[in-house]
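Novice: Sequence and predicted structure are below.
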Amino acid sequence: MNYSAMYTAIVKVLNESGENIFSINNAMISQIDLWSRMYSNEAPWLSKTVASANLSASVAFEHSKLVTLELRSGIKGSAMAEYLDKIYKKDILPILRQKIEYGLAKGSLIIKPVPVKGGIRTQFIQAGRFFPISFDGSGRLSKCAFTEQIRKGRYIYTLLEIHTMSGPDMFTIENRVFKSTNDGMLGSETALSEVAEWVEIQPFATLSGINHLPFGLFCCPMANQIDSDSPLGVSVYSRAVEHIREADRRYSGINWEYESTEAAVHISSSMLKYNKDQDKYEYPEGKERLYRAVEYNTGATQKPLIDTYSPQIRSKELYEGWNNQLRLIEFSCSLAYGTLSNPQNVDKTAEEVKSSKQRSYTFISETQAALQKALEDWCEAAYFWSRIYNLAPDGKYEMSFEWGDSILSDPDAERENDRKDLANGTLRPEEYRAKYRDESLEDALKNLPEAASVIE
């Protein structure tokens, strides 16, 4: 599905209804497409001579790993909370790092609970696959469209599902079906009953009991440089696009350097045996890659019949340029130096380590706050649907989050310091055990070996 074409078609349909709607500007649509292509190693600058170093996906992965690495989260408080917690720990937490990687790469991600027969399933919808229509004064989505497509014969059927906040705690869901022979167009409107898979879907519903659209929206917490009026997020590597382009070029240059300086033996074709049946010269067995036939004329003034080719590789200079480019990407993407670049070249002192990591820590903390808000909104929406369909006894629930902050610390060094404190008596054995065995002080004291329990 062509995102730009489909977005334009949806806006046109809504405009025909006389609605005053927000739409993403063309620059933002273009960038969402670019970020997606970069993530999939399909950047427009890649060619036969310029290969991808996979840096876009690496940047998104490193951030998503840091965001979720130490996350401990759950839902408790009632039978309803237990029901939601089961869904949360089964359908969300195990794949959250992967899904947030997509959200960071493409700028935004919707976490949407969907009521199905007998329960709730969760959809993770990436930027480029949902269509924001309008926002309220606080920057929260107040109207959003989703699409689902089915191909039947020569026709493509598109289910257009539009969620709209119609009051302080009320929203509507409108379902419309269109059919077309072109993937990039909605085409003409038809009845829901024309598609067997959608025949039970209601065309319109109004529901109350929730003060936001029934899903969580995660946005990468970088300011939107593409469209400063848009509340949508931008890619975590949106400020490093040109740096990544240049890095791919330098990476390809390094590969070419190794290939072009590969040792070879230029040998006169007159010294090779000619195979008439196969119409080619035969090289020494297993040495086809080493020997290169050259047409040399005989004579004292001509080149020798055998000549070696083995130039010196400029690896040091090339890798220094490559490493400097990686550091530019790290800075632009709020990564600590040494995440992508050579860690031996940076962070020489403890103060430099802390300063380098502080930038990353600040961004990770902001990303965790944005993710927590999206997960809380998901939980509220899942609770709403659970009440509507009586999926569990009603009751209060409470979400808990522990994110951790080891990004600023060195766990090995910290543990070694704690061992020293334990040895000199400034740290009690049960305190040490509780910290590294994830136990309460009371349990740690009970679980200490008998000899250690008397140490003060």
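Specialist: Here it is on my side, so go on. Fair warning: this is a prediction, and the values are worked out from it, not measured in the lab. Numbering: from 1, shown residues only.
Novice: beta partners of Ser180?
Specialist: Legend: beta-bridge partners of Ser180 under DSSP bridges are Ile156.
Novice: ranges for the helices of this structure?
Specialist: 3-16, 26-39, 55-68, 79-87, 96-106, 241-260, 315-332, 350-388, 411-424, 429-437, 441-447 (DSSP state H).
Novice: For Ser138, find the nearest of the ones you listed.
Specialist: helix 350-388 (11.9 Å; CB to CB). (C-beta placed from N, C-alpha, C; glycine too.)
Novice: any idea how far the closest one is from the chain center?
Specialist: 14 Å (CA atoms, centre = their mean, to the nearest Å).
Novice: between that helix and helix 411-424, how many degrees?
Specialist: 100 degrees (axes from the mean of the first three to the mean of the last three CA atoms, to 10 degrees).
Novice: helices or strands up against helix 350-388?
Specialist: Applying 3 or more CB pairs under 8 Å, 6 or more residues apart in numbering; DSSP states H and E, we find helix 350-388 packed against helix 55-68, helix 79-87, strand 108-116, strand 119-126, strand 216-219, strand 398-402.
Novice: Run the angle between it and strand 119-126 for me.
Specialist: Taking the same axes, to 10 degrees, one finds that helix 350-388 is oriented at 140 degrees with respect to strand 119-126.
Novice: Okay, buried residues for helix 350-388 please.
Specialist: For helix 350-388, the neighbour count (16 or more other CB atoms under 10 Å) marks 353, 356-357, 359-361, 363-364, 367-368, 370-372, 374-375, 377-387 as buried.
Novice: again with stretch 423-437
Specialist: Those would be 427-434, for stretch 423-437 by 16+ other CB under 10 Å.
Novice: State the mean pLDDT of that stretch.
Specialist: The average pLDDT within stretch 423-437 is 82.
Novice: likewise stretch 370-385?
Specialist: Confidence for stretch 370-385, expressed as mean pLDDT, is 97.
Novice: ok, now stretch 395-413?
Specialist: For stretch 395-413, the per-residue pLDDT averages 77.
Novice: Leaving out the residues flanking it, which one is nearest to the most centrally placed residue in the chain?
Specialist: Residue closest to the mean C-alpha point of the chain, counted by CA atoms, centre = their mean, is Glu101 at 2.1 Å. The shortest distance from Glu101 to any non-neighbouring residue, by CB to CB, 6 or more residues apart in numbering, is to Ser64 (3.9 Å).
Novice: Any figure for the gap between the one you found and Leu104?
Specialist: From Ser64 across to Leu104, the span is 6 Å (CB to CB, to the nearest Å).
Novice: Same question for Phe363.
Specialist: To Leu104, Phe363 is 10 Å away according to CB to CB.
Novice: next one: Pro393
Specialist: For Pro393 relative to Leu104 (CB to CB), the value is 37 Å.
Novice: what about these two, which has more around it?
Specialist: Between Pro393 and Leu104, counted using other CB atoms under 10 Å, Leu104 has the larger neighbour count: 31 against 12.
Novice: domain assignment for this structure?
Specialist: 3-238+362-402, 241-341, 410-454 (automatic domain parsing).
Novice: hang on, the earlier thing: which of the helices of the chain sits closest to Ser180?
Specialist: helix 3-16 (8.9 Å).
Novice: and that closest one, which residues are buried?
Specialist: Using 16+ other CB under 10 Å as the test for burial, helix 3-16 gives 3, 6-11, 13-14.
Novice: Right, I'll leave it there.
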